[in-house]
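>>> Next one to model:
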Amino acid sequence: MPYGRSVLTLACAATAVLVLSPPAAAQTVVKIGNISSYSGFVAQAADQAQKAVDLYVKEHEKELPPGIKLEIMRRDDTSNPEVGKRLAQELITREHVQLLTGVILSPVAAAIAPLTAEAKVPLLISIAAGGSAIPRISPYVARVSFTLWQQGYPIGKWAAEQGWKKGYTAVSDFIPGHDSEASFAKGFTDSGGQIVGAVRIPPNNPDFAPFVQRIKDAKPDVVFFWIPSTQATALVNAVRDLGLREAGIQITSAQDLLPDEQLPAMGDIPLGLITSGNYSTAGKRPANEAFLAAWKREYADTAIPNFLSVNAWDGMVAVFDLVKATQGKFTADEAMAFFKGWKNPDSPRGPIMIDPETRDIVQNVYIRRVEKQDGKLANVEIATIPMVKDPWKQLNPPK
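From the prediction side, this is the model:
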């Protein structure tokens, strides 16, 4: 074949390929700012949540519509509200994120919330930040984690129903501690109990012994504790060292006192303790069994998930649902319209939804007792209070 004809043939073939091949699909990148406390006094909690985010993306990224990619931009607020606010501002103005997620500490969420209203960028609180009033700061805030009132009020009622008359509260001195204190006191006194003492504990690197001794000297029937889950083992050790249970003082709390991943380090001290919470690894639900199986495949025995892990997992479910429903193209108002009323009937923690009126989570609250299962401590669910709305918002309607 003459050389010129060969060149012509190849050129024609190349042209045919160019004509016949479909054009590459344009990629839509959804930019999400994930703000969490990767350092500071709740860094362990951030790690628990991040493991769940990474796992969910790995397991479900293939379910995104063709041509859509998530870019999750991690930022460390260092457990500091001012840093969190600055990072949110940078994510909004420089990175042009479409959505903010994450957040562990309520003061950080409260600092970020006004920016969401100014810039019209939604914040989906997906780890903790359980201060009840936060969604009222901005119409562009929704929450899929929990509120402390959801847990404190029911366990306060439960404590009074045990016949315990004199109650004492000991909480960390910041927003979630204040909410926990008020919610337990309200539930306890509404059911006939009396609060005879209260103490607030510095949130950073506290020495629990003086506060536990003060409680022991006051001799209440029951004490309600709330501290960040990262400090749980230290507080339980102080309870043991000062013989609080041996003194006949009952102990109860929200789930932060007995997080699943710290139970192995607590010995038998917590056996029989009753807490309220929205999740336990001991929960007997098909969705929880599937979640735990995926977690074990990824992390084996190097990490145990807890309530923060499941909250973050559910946060990613909501984000993925939004992206799939909108093909990755949504305004702030469209995102908020989607989140209002969003439901997941098959969360590892049970059915959940976001209340369209308050933009806050509605979920089961479980009364849990620490028992031994297969030789290991577990928060065994002994009662279920179904689909609890935030009691604070019901008691304090908008003016």
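>>> Please count neighbours and contacts with C-alpha atoms only from this point.
OK.
>>> what about the residue most central in space within the chain, distance to residue 144?
For the chain, the residue nearest the mean C-alpha position is residue 127 (2.6 Å; Cα atoms, centre = their mean). Distance check for residue 127 against residue 144: by Cα to Cα, to the nearest Å, it reads 8 Å.
>>> swap in residue 352?
With distances taken as Cα to Cα, residue 352 is found 8 Å from residue 144.
>>> Which residue ranges of the stretch 101-250 of the chain form helices?
If you assign secondary structure with DSSP state H, counting those that start in this stretch, the helices in the stretch 101-250 of the chain sit at 106-119, 148-161, 175-190, 209-218, 232-241.
>>> Now the second one - C-alpha only, CSV.
So that's helix 148-161. Once side chains and other backbone atoms are set aside, the C-alpha atoms of helix 148-161 remain, and they are given as CSV (Å, rounded to 0.1, in the frame of the first residue of the first chain):
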residue,chain,number,x,y,z
LEU,A,148,-29.1,16.8,75.4
TRP,A,149,-32.7,17.5,76.3
GLN,A,150,-33.8,14.4,74.4
GLN,A,151,-31.7,12.4,76.8
GLY,A,152,-31.6,14.4,80.1
TYR,A,153,-35.4,14.9,80.5
PRO,A,154,-36.4,11.2,80.1
ILE,A,155,-33.6,10.0,82.4
GLY,A,156,-34.7,12.6,85.0
LYS,A,157,-38.2,11.3,84.9
TRP,A,158,-36.9,7.7,85.1
ALA,A,159,-34.8,8.5,88.1
ALA,A,160,-37.7,10.0,90.1
GLU,A,161,-39.8,7.0,89.2
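>>> Okay, buried residues for it please.
148-160 (16 or more other Cα atoms under 10 Å).
>>> what about that helix, distance to the chain center?
When C-alpha coordinates are averaged (Cα atoms, centre = their mean, to the nearest Å), helix 148-161 and its chain have centres 19 Å apart.
>>> what does that helix rub up against?
Under the criterion Cα atoms under 8 Å, 6 or more residues apart in numbering, residues 130-132, 176, 179-181, 183-193, 222, 252-255, 275-278, 365, 367, 388-392 lie in contact with helix 148-161.
>>> so for it, what's the average pLDDT?
For helix 148-161, the per-residue pLDDT values average out at 97.
>>> just the angle between that helix and helix 175-190, please?
Computed with axes from the mean of the first three to the mean of the last three Cα atoms, to 10 degrees, the direction of helix 148-161 lies at 30 degrees from that of helix 175-190.
>>> How about residues contacting the helix or strand harbouring residue 371?
In this assignment (DSSP states H and E), residue 371 forms part of strand 361-373. Surrounding strand 361-373, the residues in contact under the criterion Cα under 8 Å, 6+ apart are 143-147, 150-151, 155, 270-279, 349-355, 377-390.
>>> Could you tell me which of the residues you listed belong to strands?
In strands, judged by DSSP state E, the following of the contacts of strand 361-373 are found: 143, 274-277, 350-354, 377-388.
>>> From those, list the buried ones, please.
Burial by neighbour count, judged by 16+ other Cα under 10 Å, picks out 143, 274-277, 350, 352-354, 377-381, 388 from these.
>>> farthest-separated two in those?
Of all pairs drawn from those, the widest gap by Cα to Cα lies between 354 and 377 and measures 31.8 Å.
>>> Who are the contact partners of the closest residue to residue 248 other than its chain neighbours?
Residue nearest to residue 248 in three dimensions, not counting chain neighbours: residue 221, with 7.4 Å by Cα to Cα, 6 or more residues apart in numbering. Counting by Cα under 8 Å, 6+ apart, residue 221 touches 164, 165, 166, 167, 248, 249, 250.
>>> Quick check on residue 221: phi, psi?
The phi/psi pair for residue 221 (degrees, to the nearest 10) reads phi -70, psi -40.
>>> longest helix anywhere in the chain?
When the chain is scanned for its longest helix (criterion: DSSP state H), the result is helix 307-326.
>>> what's that one packed up against?
helix 43-60, helix 332-339 (3 or more Cα pairs under 8 Å, 6 or more residues apart in numbering; DSSP states H and E).
>>> for that helix, what is the average pLDDT?
Across helix 307-326, the average pLDDT comes to 98.
>>> contacting residues around that helix?
With contacts defined as Cα under 8 Å, 6+ apart, helix 307-326 is touched by 45, 48-53, 56-57, 64-65, 101-102, 124-128, 144-145, 259-260, 278-280, 328-329, 335, 338-339, 342, 347-349.
>>> Can I get that helix in PDB? Just the C-alpha atoms.
The C-alpha trace of helix 307-326 is given here as PDB (Å, rounded to 0.1, in the frame of the first residue of the first chain):
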ATOM      1  CA  PHE A 307     -23.000   7.100  69.200                       C
ATOM      2  CA  LEU A 308     -20.800   9.800  67.500                       C
ATOM      3  CA  SER A 309     -19.800   7.300  64.800                       C
ATOM      4  CA  VAL A 310     -23.400   6.500  64.000                       C
ATOM      5  CA  ASN A 311     -24.500  10.100  64.100                       C
ATOM      6  CA  ALA A 312     -21.800  10.900  61.500                       C
ATOM      7  CA  TRP A 313     -22.800   7.900  59.400                       C
ATOM      8  CA  ASP A 314     -26.400   9.100  59.300                       C
ATOM      9  CA  GLY A 315     -25.200  12.600  58.400                       C
ATOM     10  CA  MET A 316     -23.500  11.100  55.300                       C
ATOM     11  CA  VAL A 317     -26.700   9.200  54.500                       C
ATOM     12  CA  ALA A 318     -28.600  12.500  54.500                       C
ATOM     13  CA  VAL A 319     -25.900  14.200  52.400                       C
ATOM     14  CA  PHE A 320     -25.900  11.400  49.800                       C
ATOM     15  CA  ASP A 321     -29.700  11.400  49.700                       C
ATOM     16  CA  LEU A 322     -29.600  15.200  49.000                       C
ATOM     17  CA  VAL A 323     -27.000  14.800  46.200                       C
ATOM     18  CA  LYS A 324     -28.800  11.900  44.600                       C
ATOM     19  CA  ALA A 325     -32.200  13.700  44.700                       C
ATOM     20  CA  THR A 326     -30.800  16.900  43.200                       C
END
